[in-house]
Every structure is written in C-alpha cells, then in structure tokens.
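> Build me a model:
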Amino acid sequence: MCYENPLYLAEEAAALDLLSDQRVALGISRGSPEPADQGWESFGYSDSDDAKAANMARDKFAQFLSAIRGDEIAPADPMQFGPDTKLRVEPHSPGLDQRVWWGAGTAATAEWAAAQGVNMMSSTLLTEATGASFGELQRDQIDRYRAAWKSAGHDWTPRVSVSRSIFPITTNLDDLYFGRRSDGQGDQIGIIDGTRSTFGKTYAGEPDELIEALKADPAVEAADTVLLTIPSQLGVDYNLHILESFASYVAPALGWQPNTSGPVTGSTM
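I've put the predicted structure just below:
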C-alpha cells in the first residue's frame, strides 16, 4: 500500500470487480521488505515519522476502504451539483469491501485488521518470535483477530487465510525437488526488516504424511482458507502438477473441496 494511490486503486478494484461478476478477492498489506531503500519515495510518497511507512500505509488503506464503501469524499462542482455536495469514487461495486484481505504479520496487526472490518490473511512469515511454533503463533493471531472482530460488532462473518508451502511427493521428480531435502525444513528464526521473525516450515512428503502433519497444524485447523505457495521458477506445468496433487490426494482427506474460482477452502478445518 506504500506505493499506491488509494483512490486510483479503489477505481481499479471496483472496475475489475464489476467486470468479473464481483469475484475479486483483493489482498493488501503494508508491503514486504524489499531491495529498495524507502522506494515509495521515488513514487512521490513519504512518511517522515516512520522509516517503514507503516503509518502511511494504514492511512492510505483507510482512504481506500472509504472509497470502495461508497463514501462521498470529493467536493462536487457547485455550478453542476449545488453547494455542499460531495461525490463518491466511480465505478462503485457494492460488497467489494467484504472481499478485501489485510496481510497481517503480527497478532497486533491482526487485531487492527479486525477493527477495520476486513478479512485477514497470514503468510508463511510472522515478525514475532516467542519460542512457540509457527503454527501456534499463527493460531494465536487468528484467535485474537476473531475476538477483536466480535468486539467490533461487525454484522458479517469474515474469512481468515493462512499460507503454507505444501509439496505432495507423488513422482520421482517431486522427490528430486523436495523429498531428498525435506529433513531440516522446520520452522526457522531469523531477522527480517530489523525484527526477529519466525518462518513457517515447508511441508513435503507422501500424501498420507502431509495429511497427518496438516491435521496437527493448529493454524491450519483454525483457518477458513489455505493459500498454497508454489515455486514459480519451476514453470507453469510443474506448478499445476503441485496444485492438482494437493487437490487430489491431500485436500479431500482434510474435508476440503477445491474451489475452482479461488483457493482451497473448507468449513470443517
């Protein structure tokens, strides 16, 4: 969000949502650590109070939400519309705000997302490290998000997604890429963006092994949606194979049904 004009983004998102029969699910966040040093300044944006631009990103997100919710924010030409008239951003797509997801890297940010009235997505990285496992940290994040949502009194049910690197080994090529180096791919602690952080482990193994491991993952058990992270450098065909293997051999055993218009979802997990 640090790089975006929030009102222009609202126009683009609403137009795309209308063209796609209101099927857009839009993930937004402050942004991940990057090679550029405060690169948003090259785009004409600045946050003098915060080198990471988190405050600026949240302010822009508030403008974006106001716009897609149809708030009247732009003063109208009084010669055309009369005095004290304001206009909303067009086009407008009703309900788009309920399909916006904020990428939360901490439990506190998850609570903030709940207060804003948007869905929450949690990646394979949390900028927290307490000694708990990644799944336990993420489960706490989910629980705090849902408690904050209830306290806020929103009148609809949100969704929570978690991301996982999951590679069913069903062929010799799968074994070559992932099976022979799966040992030691557990949670890791490191420094990112100046913060001690926890990186989620890679799940790689035979389908039966993955099913049992995912059943024991407390965050996967609590989430509504699982997003699969895939190695794009291996090409389209191989990544399609990964997705098909997961959908065919793993997802059904967990009570999930593949969603052909989006991520793998399920109400039983």
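
> Who is the closest residue to Gln188 other than its chain neighbours paired with across the strands?
Excluding its sequence neighbours, the residue lying closest to Gln188 (Cβ to Cβ, 6 or more residues apart in numbering) is Phe199, at 4.4 Å. For every residue, glycine as well, the C-beta is placed using N, CA and C. Phe199 has these beta-bridge partners by DSSP bridges: Leu125, Gln188.

> Quick check, pLDDT for Phe199.
We have a pLDDT of 86 for Phe199.

> Could you count how many residues lie near it?
By other Cβ atoms under 10 Å, 17 other residues sit near Phe199.

> Contact partners for it?
Contact analysis of Phe199 by Cβ atoms under 8 Å, 6 or more residues apart in numbering lists 124-125, 134, 187-190.

> again, only this time at 7 Å
By Cβ atoms under 7 Å, 6 or more residues apart in numbering, Phe199 lies in contact with 124-125, 187-188, 190.

> Give me the three-state assignment for the residue positioned nearest the centre of the chain.
Nearest residue to the geometric centre of the chain (Cα atoms, centre = their mean): Met121, 3.4 Å. Of the three states, Met121 takes strand according to DSSP: H, G, I helix; E, B strand; the rest coil.

> Now the buried members of the contacts of Phe199.
Among the contacts of Phe199, those classed as buried by 16 or more other Cβ atoms under 10 Å are 124-125, 187.

> Take these and lay them out in a markdown table including pLDDT and distance to Met79.
Converted to a markdown table, the buried ones among the contacts of Phe199 look like this (pLDDT from 0 to 100; distance: Cβ to Cβ, whole Å):
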| residue | pLDDT | distance to Met79 |
| --- | --- | --- |
| Thr124 | 89 | 54 |
| Leu125 | 82 | 53 |
| Asp187 | 81 | 63 |
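
> What's the local residue count around Leu16?
Neighbour tally, Leu16, other Cβ under 10 Å: 16.

> again, but for Ala67
Ala67, neighbours per other Cβ under 10 Å, totals 25.

> Now do it against Tyr8, distance only.
For Ala67, the distance to Tyr8 equals 10 Å [Cβ to Cβ, to the nearest Å].

> Also Ile242?
Distance from Ile242 to Tyr8, by Cβ to Cβ: 35 Å.

> And for Gln233?
31 Å.

> that older thread, quick one: which of Ile242 and Tyr8 has more around it?
Ile242 (20 against 12).

> For that one, what is the enclosing helix or strand?
Using DSSP states H and E, Ile242 maps to helix 236-245.

> quick one: stretch 219-227 to chain centroid distance?
12 Å (Cα atoms, centre = their mean, to the nearest Å).

> Stretch 201-217 now?
Worked out by Cα atoms, centre = their mean, stretch 201-217 lies 22 Å from the chain centre.

> do the same with stretch 39-46
23 Å.

> Ends of it, what's the gap?
9 Å (Cα to Cα, to the nearest Å).

> what's next to that stretch, contact-wise?
2-3, 53, 56.

> So the residue nearest to Gln188 versus Ser46, what's the distance?
30 Å.

> and if you look at Gln257?
46 Å.

> ditto for Asp140
In terms of Cβ to Cβ, Asp140 sits 34 Å off from Ser46.

> Looking at the two now, which is surrounded by more residues?
With neighbours defined as other Cβ under 10 Å, Asp140 and Ser46 compare such that Asp140 has more, 19 against 12.

> contacting residues around Arg144?
107, 110-111.

> one more time with 10 Å, if that's ok
Going by Cβ atoms under 10 Å, 6 or more residues apart in numbering, Arg144 touches 104, 106-108, 110-111, 114.

> from those residues, which would you call buried?
Buried among the contacts of Arg144 (16+ other Cβ under 10 Å): 104, 106-107, 110-111, 114.

> What residues does Leu7 make contact with?
Contacts of Leu7 by Cβ under 10 Å, 6+ apart are 60, 63-64, 66-68, 73-74, 89.

> Among the residues you listed, name the ones in strands.
Mapping the contacts of Leu7 onto strands (DSSP state E) picks out Ala74.

> most neighbours, which of the contacts of Leu7?
With neighbours taken as other Cβ under 10 Å, the top of the contacts of Leu7 is Ile68, carrying 28 neighbours.
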